[in-house]
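Visitor: pasting the structure only:
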């Protein structure tokens with residue numbers, strides 16, 4: 001599903017940008033804070049409807065501007081489709097957002113099936129030892145691309161969780177009614193149970209590609225797997241929604257005392273396991289990087305198997321984190337994809353064969369252009385953003 005063109009207006013550091021992209025790999029070169037990650041972020045927004053860098057949509061709007069617009073023409077299923085996301089700077093809840101597919105207003109969940117992608121960013125290097133929220137976000141992003149209704153259900157769960165936590169705080173202060181808790185418990189259990197089912201299903205589908213990718217990269221190491229960790233494990237005969245309902249009842253008094261919901265998908269995690277042992281207990285930094293790279297390659301395989309269309313691969317300055325052997329595995333995968341976009345501060349971090357096969361873009365504060373000067377697009381030097 002190659003991106004044919006990308007158009008940005010008042011998006012981060014880009015006041016106005018029009019790019020035409022060919023198939024194959026693209027290398028985006030520029031120093032730190034030049035605007036490389038902003039380009040990738042705009043594509044993430046067009047795939048998921050939200051940024052991977054900030055919770056508030058309004059942060060994507062250039063300083064002093066009223067809105068940010070990102071638009072792309074994508075080849076999907078043999079035809080070209082236009083995706084557009086517009087975010088307004090001043091609106092309730094951090095920004096008002098409009099999503100369009102071929103000019104028709106749609107939910108954000110309609111974007112993923114058109115533009116599937118796998119993002120490999122520097123923060124992913126902390127997936128093994130970092131906070132559970134990093135791992136949850138990666139898993140939920142994969143779930144959302146795998147199921148068209150998942151994003152809407154996750155949003156409903158998030159809103160219900162906020163309302164339930166607010167009620168728990170009022171109950172702690174003896175300012176609310178416990179009768180209200182039953183309604184929010186119902187929403188939490190219904191949507192939370194579906195999210196848990198989707199997460200487990202996705203991990204099961206990921207198991208084979210993950211083990212295969214890890215064997216390819218590290219053939220002499222124990223088999224790699226992922227193990228889900230939940231504080232609401234079902235008992236015999238229980239569904240995951242049933243288990244969640246039971247655990248909410250068991251923790252009710254403690255939750256009132258804490259003013260927060262203590263069980264549910266928002267508290268769960270998954271672990272990297274090799275040879276039956278959790279990776280964080282023994283893995284070197286190199287072994288951690290191998291596991292993370294295997295996970296990203298497995299994501300590529302899983303999304304490709306959905307309909308035979310490989311996703312767009314975005315690599316944000318991660319080659320410098322990998323040794324030559326791991327880089328070579330990534331380069332081989334890039335070469336097999338219809339399109340990939342790689343950012344780097346210096347092409348010396350990249351495989352020479354990859355550089356030779358790529359379209360090379362130079363990013364400077366205020367401009368983006370091909371090295372051959374085939375196309376040059378200026379941006380407003382006064383616009384702010386990394």
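Guide: Nice, thanks for sending it over. Note that this is a predicted model, so its numbers are computed, not measured.
Visitor: Which positions in stretch 126-144 come out as buried?
Guide: For stretch 126-144, the neighbour count (16 or more other CB atoms under 10 Å) marks 127, 128, 134, 135, 136, 138, 139, 140, 141, 142, 143, 144 as buried. Where you see a C-beta, it was placed from the backbone N, CA and C, and this is true even at glycine.
Visitor: quick one: which of these sit in helices?
Guide: Among those, DSSP state H puts 134, 135, 136, 138, 139, 140, 141, 142, 143, 144 in helices.
Visitor: Residue 126 is in contact with the first one, correct?
Guide: Read that as residue 134. Yes: at 6.1 Å, residue 134 counts as touching residue 126 under the criterion of CB atoms under 8 Å.
Visitor: now the ones in helices among the buried residues of stretch 126-144 as JSON lines including distance to residue 263 and pLDDT?
Guide: Below are those laid out as JSON lines (distance: CB to CB, whole Å; pLDDT from 0 to 100):
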{"residue": "134", "distance to residue 263": "20", "pLDDT": "93"}
{"residue": "135", "distance to residue 263": "18", "pLDDT": "96"}
{"residue": "136", "distance to residue 263": "14", "pLDDT": "96"}
{"residue": "138", "distance to residue 263": "21", "pLDDT": "93"}
{"residue": "139", "distance to residue 263": "18", "pLDDT": "95"}
{"residue": "140", "distance to residue 263": "17", "pLDDT": "94"}
{"residue": "141", "distance to residue 263": "23", "pLDDT": "91"}
{"residue": "142", "distance to residue 263": "23", "pLDDT": "91"}
{"residue": "143", "distance to residue 263": "19", "pLDDT": "93"}
{"residue": "144", "distance to residue 263": "22", "pLDDT": "88"}
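Visitor: How about residue 310, nearest residue that isn't a chain neighbour?
Guide: Counting by CB to CB, 6 or more residues apart in numbering, residue 310 lies nearest to residue 304, which is 4.7 Å off, once chain neighbours are set aside.
Visitor: can you map out the helices along the stretch 51-200 of the chain?
Guide: Ranges of helices in the stretch 51-200 of the chain, per DSSP state H, counting those that start in this stretch, are 132-146, 150-172, 179-217.
Visitor: can you list contacts of the first one?
Guide: Just to be clear, that refers to helix 132-146. Residues from elsewhere that reach helix 132-146, judged by CB atoms under 8 Å, 6 or more residues apart in numbering: 47-48, 52, 109, 112-113, 116-117, 123-124, 126-127, 150-151, 154, 195, 198-199, 202-203, 205-206, 265-266, 268-270, 295, 299, 302-303, 306, 311.
Visitor: Give me the buried subset of the residues you listed.
Guide: 47-48, 52, 109, 112-113, 116-117, 124, 127, 150-151, 154, 195, 198-199, 202-203, 205-206, 265-266, 268-270, 295, 299, 302-303, 311.
Visitor: that older thread, tell me which helix or strand comes right after the helix or strand harbouring the residue nearest to residue 310.
Guide: For residue 304, the element it lies in under DSSP states H and E is helix 285-307. For helix 285-307, the following helix or strand on the C-terminal side (DSSP H and E) is strand 312-316.
Visitor: So for that next one, mean pLDDT?
Guide: Mean pLDDT, strand 312-316: 94.
Visitor: so what does it touch, helix or strand wise?
Guide: Applying 3 or more CB pairs under 8 Å, 6 or more residues apart in numbering; DSSP states H and E, one finds that strand 312-316 makes contact with helix 36-48, strand 117-120, helix 324-335, strand 339-344.
Visitor: redo that, cut-off 10 Å
Guide: Where contact means 3 or more CB pairs under 10 Å, 6 or more residues apart in numbering; DSSP states H and E, strand 312-316 is packed against strand 24-29, helix 36-48, strand 117-120, helix 285-307, helix 324-335, strand 339-344.
Visitor: Give me the phi and psi angles of residue 14.
Guide: phi -110, psi 110 (degrees, to the nearest 10).
Visitor: what about it, neighbour count?
Guide: Residues within reach of residue 14, counting by other CB atoms under 10 Å, total 26.
Visitor: repeat for the one 4 residues further on
Guide: A total of 13 residues lie near residue 18 under the criterion other CB under 10 Å.
Visitor: ok, what's across the strand from it?
Guide: residue 7 (DSSP bridges).
Visitor: measure the residue nearest to residue 310 to residue 337 for me?
Guide: 9 Å (CB to CB, to the nearest Å).
Visitor: Show me the common contact partners of the two, please.
Guide: Here residue 304 and residue 337 have 118, 310, 311 as joint contacts, going by CB atoms under 10 Å, 6 or more residues apart in numbering.
Visitor: Give me the pLDDT value at the residue of the chain most remote from its centre.
Guide: Residue distances from the centre of the chain (CA atoms, centre = their mean) peak at residue 174, which lies 39.6 Å from the mean C-alpha position. At residue 174, the model reports a pLDDT of 83.
Visitor: and it, what are its phi and psi?
Guide: With angles defined as degrees, to the nearest 10, residue 174 sits at phi 60, psi 40.
Visitor: ok, now how distant is the residue nearest the centre of the chain from residue 49?
Guide: In the chain, the residue lying closest to the centroid (CA atoms, centre = their mean) is residue 141, at 4.8 Å. Using CB to CB, we find residue 141 at a distance of 11 Å from residue 49.
Visitor: Ok, residue 11 next?
Guide: For residue 11, the distance to residue 49 equals 14 Å [CB to CB].
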